[in-house]
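In: Test case, fold it:
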Amino acid sequence: MANYLAMNRDELTAEKAALEAKYKEFQAKGLKLNMARGKPGPHQMDLAMDLLKMNDYTTDAGTDARNYGELEGLQEARVLFADVFGVQPGEVFVGGNSSLQLMYNLVNIGYVFGFPESPCPWSQVEKRKFLCPVPGYDRHFAITEEFGFELISVPMTPNGPDMDIVEKLVAEDPDIKGIWCVPQYSNPDGYTYSDETIERFAKMKTAAPDFKIFWDEAYIVHHLTDEIIETPVLLNESKKYGNENRVFMFTSTSKITFPGAGVSAIACSESSMKYICKRFSVMIISYDKMNQLRHVRFLKNKEGVLAHMAKHRRRLVPCFDAVKTAFKNNLIPCGDIAHWTDPKGGYFISLYVMPGCAKRVAGLCKDAGLTLTGAGSAYPYHKDPEDSHLRIAPTYPSLDEVETASELLCICVRLAVAEKLLADKAD
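Out: Numbering: from 1, shown residues only. All right, here's what the predicted structure looks like:
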């Protein structure tokens, strides 16, 4: 293996032929591998099966969780999520199985009604905009695209979004109504926002009085090392500057217990809580309180959640290590053709290949039986200006499958790069 960037045309042609031979060997295996979505594997979900053994649905207050009522969620569940968020129980709304649905509903509230601070509903803002740190979560971006927002990309750094850009944009443009954020172990880079970044979010000046921060704590307890990273709580920090009404924090147990049958939650100011409950009360009497109570009895508190997540970590770390080892052994010797993140938590690794190659890599993988998240998906409108980024999700496959998929992925990266370098030399 040699540095591709130092090879002449004949050497690259020979390398390409050798890679094509290896690639055809993989094609002949009839593989059906998937590293596209961040799904827990069966062994992770098996860890929570005791959650289903409960048969007493009487709450601490003596009410029956099987019946109507308590729109904001069971008090026990509000206490549990307050412990996880680092806020007060009165600041927590507990929903159904999907935090994404809660996000969609809140954007919809802004679109149809506006918020108490809104000069008008967001639907009446002709050039409404939303900030999108990139690379980011495609499903976040899809929500605001659905409601007709112009999506504005903001570069991510290892400390969070480029706050110089964020602060300038929101201070100057009242049509910018919010920003998507995954502050801990970000999707897909795995970065954790710095204390300084969080403080700047808490105190920044915005031209829009109804600017909202959609703060998705999807991975707040999803540690991949023994280090338990704790960061300042945005809602609490925002109170210091009188900006608590701009904050909506989200989390769920989707990747803690069962993705299709977990519990989600919002943390916000008590003022915002009253307003969203007013709107939610027309839509629903209460979410699934039986499931909320099951989760409280199973997880108990934040300490219990962390103990449960340690079991997840023992399964996930070898899979993440397998991907990084394959990259180290198969890509580094080829020169500066790719780089990747080394997350301390979360569900993804970002792989950055030579510009102009990501779509080709994804296509080669697909044709050989390995499904990846589509190239460009981590950018608004699925348009990666560099055609460089690929999101790798090593959580669902078995370790053997991850090792096979990683080997194939490396061959596809090297083949795509060799093809591009040969094309460049032909020009």
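In: rest of the way, CA atoms for contacts and neighbours
Out: Fine.
In: So for stretch 120-134, what gets flagged as buried?
Out: Within stretch 120-134, the residues scored as buried using 16 or more other CA atoms under 10 Å are 120-123, 125, 128-134.
In: Pick out the most distant pair among those residues.
Out: 120 and 134 (28.8 Å; CA to CA).
In: Strands along the stretch 301-427 of the chain, start to end?
Out: Along the stretch 301-427 of the chain, the segments classed as strands by DSSP state E, counting those that start in this stretch run 338-340, 349-353, 370-372, 389-392.
In: strand partners of the longest one, parallel vs antiparallel please.
Out: In this case it means strand 349-353. Strand 349-353 has the following strand partners under DSSP bridges: strand 338-340 (antiparallel), strand 389-392 (antiparallel).
In: quick one: contacts of the last one?
Out: In this case it means strand 389-392. The contact list for strand 389-392, computed with CA atoms under 8 Å, 6 or more residues apart in numbering, reads 35-36, 135, 188, 348-353, 358, 362, 372-376, 378.
In: could you redo the last one with a cut-off of 7 Å?
Out: 35-36, 188, 348-353, 358, 372-373, 375-376 (CA atoms under 7 Å, 6 or more residues apart in numbering).
In: same question, the shortest one
Out: Residues outside strand 338-340 that contact it (CA under 7 Å, 6+ apart) are 331, 349-354.
In: Please work out the average pLDDT along it.
Out: Throughout strand 338-340, pLDDT has a mean value of 98.
In: where along the stretch 101-250 of the chain do the strands fall?
Out: According to DSSP E, counting those that start in this stretch, the strands that the stretch 101-250 of the chain contains are 129-134, 150-157, 160-161, 176-181, 212-216, 247-252.
In: Let me know the pLDDT of residue 165.
Out: 98.
In: Identify the residue spatially nearest to it, adjacent ones excluded.
Out: Of all residues beyond its chain neighbours, the one nearest residue 165 is residue 154 (7.1 Å), with distances taken as CA to CA, 6 or more residues apart in numbering.
In: tell me the contacts of that neighbour?
Out: 131-134, 161-162.
In: please redo it, this time with the cut-off set to 10 Å
Out: 131-136, 161-163, 165-166, 169, 179, 379 (CA atoms under 10 Å, 6 or more residues apart in numbering).
In: Closest to the centroid, which residue in the chain?
Out: residue 187 (3.5 Å; CA atoms, centre = their mean).
In: Now do the same contact list for that residue.
Out: Contacts of residue 187 by CA under 10 Å, 6+ apart are 38, 134-138, 181, 216, 218-219, 346-350, 378, 391.
In: Give me the phi and psi angles of it.
Out: phi -90, psi 110 (degrees, to the nearest 10).
In: quick one: low-confidence parts of the stretch 101-250 of the chain?
Out: Within the stretch 101-250 of the chain, no stretch has pLDDT under 70.
In: Pipe the strands of the stretch 101-250 of the chain into a markdown table and attach distance to residue 58 per row.
Out: As requested, the strands of the stretch 101-250 of the chain are arranged in a markdown table below (distance: least, CA to CA, whole Å):
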| stretch | distance to residue 58 |
| --- | --- |
| strand 129-134 | 43 |
| strand 150-157 | 46 |
| strand 160-161 | 43 |
| strand 176-181 | 37 |
| strand 212-216 | 31 |
| strand 247-252 | 23 |
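In: so which of the ones you listed gets nearest residue 27?
Out: strand 129-134 (32.9 Å).
In: Now do the closest one against strand 150-157, angle only.
Out: With axes from the mean of the first three to the mean of the last three CA atoms, to 10 degrees defining the directions, strand 129-134 sits at 30 degrees from strand 150-157.
In: tell me the angle of strand 129-134 relative to strand 212-216?
Out: Using the same axes, to 10 degrees: strand 129-134 against strand 212-216 is 30 degrees.
In: Check which helices and strands strand 129-134 is in contact with.
Out: helix 138-146, strand 150-157, strand 160-161, helix 163-172, strand 176-181, strand 212-216 (3 or more CA pairs under 10 Å, 6 or more residues apart in numbering; DSSP states H and E).
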